[in-house]
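J.: any chance you could fold what I've pasted below:
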Amino acid sequence: MVQEYVLGSPILWASVLTPIAAGLVNASARRGSKAFHTSVAAGSWAVTLALLLPVLHKVLGEKVVAIDPWYVDTGSFGTLGLFMDPVSAIMALSVALVSLIVAAYSAPYMEHRFEEMGSGSFSTYFFLYQLFTAGMLGSVLASNAILFYLFLELTLIPSALLIVLYGYGDRFRVGLIYLIWTHVGAVLFVIGLFVANVFDFYVPGHGYVVGVSHSWAAFLLVLIGASVKMAMGGLHLWLPYAHAEAPTPISALLSPLLIGIGGYVLLRAGIGFFPDLWRAATPFLFLWAVATMLYGGFLVLAQRDIKRLFAYSSISQMGYLMLGLSIANTEGEAGAILHYLTHALGKAILFGVAGVFIVALGTRDLKKMGGLLGKMPYTGALALTGFMLISGLPPTMGMWSEVYLVFGFSKWAMSYGLWSFVCLTILVMAAMTLTVIYSFTTFKRVFYGPPGPLYDDASEKPARGLIASLLVLLVLAIVFFIFMGWLADPLAQGLGSTYALR
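T.: Numbers count the residues shown, from 1 in each chain. Below is the predicted model:
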C-alpha cells in the first residue's frame, strides 16, 4: 500500500470552493468594474494555487498520497472525497496555472468581444468562467468516479452557456452540439460504472482500486464515454465547432484542459478498473491513437481559419495521450500525463495568439496574414513557443513528454519482434513528424513569406494586455523544461507501482 498523508485541514476542498465562491461574488456584483471582476477571478485562482502548492510539494517530494480529511463513505457509491497523488498533482497544477493566466487574458479580450457584440457582462462571464474552471479542478482531484462525474458535469452547463452567450458564428447551434455530445459521453461513462459496479479510484486507508472488473460491456461504455470527452477520431465531430466558435479565452480552456481530462479518467477507470481488458484491447487502442494523430494533423493542413486549425490540432494531440495510455507501461503513461501539461501550456498560448490576431488585425483568416514577424515580434515568439511545445522541441517541456512517449512506445513495440518494431516505428514517427510539419508550415504562412493584405496596418499595440498574459505561459514552458525531473520522477514511480501493465 502507498504511504498516505491526511491533511490537517480541508485544503483540497478549499482549493476547489475558492473559485466557486469568487464566481458567486462576480455574479452578485452586477455593477462591478472590469478590474474588479478580473481581480476577483484571477485572485481566487492565485489563492487556489497557493493552497495547492504545499500539498503538491509534499506529494511529489515525499512520494505520498495526500488525503483531504473531508470525505464520506456512502456505501453503495463508494467514498466521496478529494485526494492528490503525482498524477492528479500534475493535472491540478495544469488547471490552476492556465485558469489563472487565462482569467487575466480574459479582461482585455472580452472587453473587445463585448464591443463587437454591442453588449456583454463581466459579471456573468466570470461567474460562468469560475464554475467551469473549478469543475475541472474538482474532477482531477476526485477520489471517486461519481464525484468526478458531478464535477465534470459542473463544467458542462457553464461552458456551453459561455459559447452561446459570447461565441462566434451560429453560437446557439454550436453550444447545443457541444452540450449534447459531451453530455452523452459523460452519461455513457457513468452507465459503464454502474454495469461494473465500481466507483472508487482511491479509498482512504485502503489504497487504489485496480483490477476489479472483467465486464466487456462496462469497459466499452467507459472507453467510448471518456473518448467522446477526449474527442478521439470518429468521436470528435463536436470539437471543431465548439473550440473554433467559443470565445477565445474559453477555447484556451476547452482545448488544452477539458478534453484531456477524458484521457485522465481512462487511466483511472479504464486501465485501473479493467487492466486485463485494456491489455487485450491495446492493439486497437494503439492504432486508434495513431489514426487520430494522423487524421487531426492532415485536417490542420487544410484549414484557413486559425481557430479551426488549432481545434483540429487538439484532436491530433489527444492521439498523443491515447498513444501513451494504449501501451500502458510506466514511460508511456507518464508521457501521456506530462503531455497533458505540455498541451495545456502550448494550446493555451496558441489560442491566445489567435485572440491577438482577432483583436489586433480583426481576422482569423490565414490568407489575410503573412510576413508579420517584423510587425508582431512578441506574437511571433509566443506562436513559436506554442508550436515547439506541441512538436516536442527543446527548450520547452514538450521535449520531455515526447521523450517519455517514445521510450514507452519503443519498449512496447520491441516485444513484437524486429520487423513489427520497424513498421510500428515508421507509423508513429510519421504521425509525430506531421505535427512538426503543420506547426512550422503554419508559422511560416503567418510570420514569413510575402506580406498579407493586413500587413500595413498590423500592430501589437491593441493587444498588449493579451500578450503580457501569454508571456507568462512562455516562461513556464521553459521553467518546466529545466525542472522536469521534479514532476517526472515521482510520476513515473507512482504509475509504475499502480497502473503500469507492462
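J.: A383 against F351, yeah?
T.: No. Assessed by CB atoms under 8 Å, A383 is found out of contact with F351, at 10.9 Å. Every residue, glycine included, has its C-beta placed from N, CA and C.
J.: more neighbours: these two, which one.
T.: Remark: of A383 and F351, F351 carries more neighbours, 31 against 27, as counted by other CB atoms under 10 Å.
J.: roughly how far apart are the more buried one and G496?
T.: F351 sits 34 Å away from G496, going by CB to CB, to the nearest Å.
J.: three-state assignment of G452?
T.: coil (DSSP: H, G, I helix; E, B strand; the rest coil).
J.: can you tell me which residues contact it?
T.: Counting by CB atoms under 8 Å, 6 or more residues apart in numbering, G452 touches K367, K368, M369, G370, G371, L372.
J.: please name the nearest non-neighbouring residue to it.
T.: In space, G452 comes closest to G370 once its chain neighbours are excluded; the distance is 3.5 Å by CB to CB, 6 or more residues apart in numbering.
J.: count the neighbours of that neighbour for me.
T.: Around G370 there are 19 residues (other CB under 10 Å).
J.: pretty sure it contacts V446?
T.: Yes. Using CB under 8 Å, G370 is in contact with V446, at 6.9 Å.
J.: looking at this, P394 is in a helix?
T.: No. Counting by three-state DSSP, P394 is not part of a helix but coil.
J.: coming back round to it: tell me the contacts of the residue nearest to G452?
T.: G370 neighbours (CB under 8 Å, 6+ apart): R445, V446, Y448, G449, P450, P451, G452, Y455.
J.: spatially central residue for the protein, please.
T.: Central residue of the chain (CA atoms, centre = their mean): L257, 2.2 Å from the mean position.
J.: could you report the pLDDT at it?
T.: The model reports L257 with a pLDDT of 92.
J.: how close does it get to F151?
T.: From L257 to F151 the distance is 13 Å (CB to CB).
J.: hey, what's in contact with both of the two?
T.: What both L257 and F151 touch, as defined by CB under 8 Å, 6+ apart, is the set M136.
J.: can I get the helix or strand containing Y320 in PDB, CA atoms only?
T.: In this assignment (DSSP states H and E), Y320 forms part of helix 306-327. Output of helix 306-327 as PDB, limited to C-alpha atoms (Å, rounded to 0.1, in the frame of the first residue of the first chain):
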ATOM      1  CA  ILE A 306      -6.700  29.800 -37.500                       C
ATOM      2  CA  LYS A 307      -9.000  28.800 -34.600                       C
ATOM      3  CA  ARG A 308     -10.300  25.800 -36.500                       C
ATOM      4  CA  LEU A 309      -6.700  24.900 -37.300                       C
ATOM      5  CA  PHE A 310      -5.800  24.900 -33.600                       C
ATOM      6  CA  ALA A 311      -9.000  22.900 -32.900                       C
ATOM      7  CA  TYR A 312      -8.000  20.100 -35.300                       C
ATOM      8  CA  SER A 313      -4.600  20.200 -33.800                       C
ATOM      9  CA  SER A 314      -6.100  19.400 -30.400                       C
ATOM     10  CA  ILE A 315      -7.700  16.300 -31.900                       C
ATOM     11  CA  SER A 316      -4.200  15.200 -33.100                       C
ATOM     12  CA  GLN A 317      -2.800  16.000 -29.700                       C
ATOM     13  CA  MET A 318      -5.300  13.700 -28.000                       C
ATOM     14  CA  GLY A 319      -3.900  10.900 -30.100                       C
ATOM     15  CA  TYR A 320      -0.600  11.500 -28.300                       C
ATOM     16  CA  LEU A 321      -2.300  11.000 -24.900                       C
ATOM     17  CA  MET A 322      -4.000   7.800 -26.200                       C
ATOM     18  CA  LEU A 323      -0.700   6.600 -27.600                       C
ATOM     19  CA  GLY A 324       0.800   6.700 -24.100                       C
ATOM     20  CA  LEU A 325      -2.200   5.200 -22.400                       C
ATOM     21  CA  SER A 326      -2.700   2.400 -25.000                       C
ATOM     22  CA  ILE A 327       0.700   0.800 -24.500                       C
END
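J.: report all helices and strands that it contacts.
T.: Other helices and strands packing on helix 306-327, by 3 or more CB pairs under 8 Å, 6 or more residues apart in numbering; DSSP states H and E, are helix 216-230, helix 239-245, helix 248-253, helix 260-265, helix 275-301, helix 330-360, helix 398-414, helix 418-447.
J.: adding mean pLDDT and distance to A42, write the ones you listed out as CSV.
T.: Output for the helices and strands packed on helix 306-327, formatted as CSV (pLDDT from 0 to 100; distance: least, CB to CB, whole Å):
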stretch, mean pLDDT, distance to A42
helix 216-230, 96, 27
helix 239-245, 90, 23
helix 248-253, 94, 12
helix 260-265, 96, 22
helix 275-301, 96, 32
helix 330-360, 96, 15
helix 398-414, 95, 26
helix 418-447, 94, 29
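J.: who wins for proximity to F201 among these?
T.: helix 260-265 (8.8 Å; CB to CB).
J.: tell me the first helix or strand C-terminal of the closest one.
T.: Sequence order places helix 272-273 as the next helix or strand after helix 260-265, per DSSP H and E.
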